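Novice: Have a look; sequence and predicted model below, questions after that.
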Amino acid sequence: MSIPTKFIVAVVCFDHRIGPEVEFVYPPPEEHREDESWQDIKDILPLLALPSRHEAASDKTSSTCFFFHIPSKDQSVAVQSWKGVAYYDVIHPHAVHGLDDDTLAKFSRGAIQKSVVVVSKTPYQAYVKAKLEAMANQFFAQVPSFGDVGLVVELHDALSSMDFEALSWPQLH
């Protein structure tokens, strides 16, 4: 059985002026122009990648990890839907060095809300979640110089090179 291993990794941020937006996506959007499945998810992804305040508050911590699902728009063909895992965190804007006034205006409510997101068609989201949590902890720990997406690219490369068929069932679930 062939397991789909296409992954898209993104950083989504909540801009208080315009709402949720994708800040970074890997592979780059130019590589997805002809991909209808990417076209299906690119507009809805920012809305699904950030939890509501109620969901975030119920965890009682600033960070949380959650799953979501994006069904295919084309119901006439048997297309696998996208499955997503998001790691969400809240950062105080004054903890981030070097933010200009325009950037601070994006976070006027006293919090930078970001998620690192992995979307794929692989059915093994528990495994993806474990990898995402490890990387996201490092990503959000780099707060003073926020914006280094090298870790996000490394996560994509690690997931894309994984031989899921070689892993045992308990490792995947």
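Specialist: Yes, it's here.

Novice: any idea whether Asn131 is helix, strand or coil?
Specialist: One thing to correct before we go on: residue 131 is Lys, not Asn. Look at Lys131: counting by DSSP: H, G, I helix; E, B strand; the rest coil, its state is helix.

Novice: Now do the same contact list for it.
Specialist: Contacts for Lys131 (CB atoms under 8 Å, 6 or more residues apart in numbering) come out as 118, 155, 158-159. Glycine gets a C-beta too; all of them are placed from N, C-alpha and C.

Novice: Looking at these, which is nearest Ser52?
Specialist: Val118 (20.4 Å; CB to CB).

Novice: pretty sure the closest one belongs to a strand, no?
Specialist: Yes - counting by three-state DSSP, Val118 is part of a strand.

Novice: so what's Glu21 bridging to?
Specialist: Cys13 (DSSP bridges).

Novice: hang on, Asp117 packs against Val9?
Specialist: Just so we're on the same page, residue 117 is Val rather than Asp. Yes - here Val117 reaches Val9: they are 6.9 Å apart, a contact under CB atoms under 8 Å.

Novice: just the helices in this structure please.
Specialist: Taking DSSP state H, the helices of the chain run over residues 36-41, 45-49, 53-59, 101-106, 125-141, 150-161, 169-172.

Novice: In this structure, which residue is most central in space?
Specialist: Val117 (0.9 Å; CA atoms, centre = their mean).
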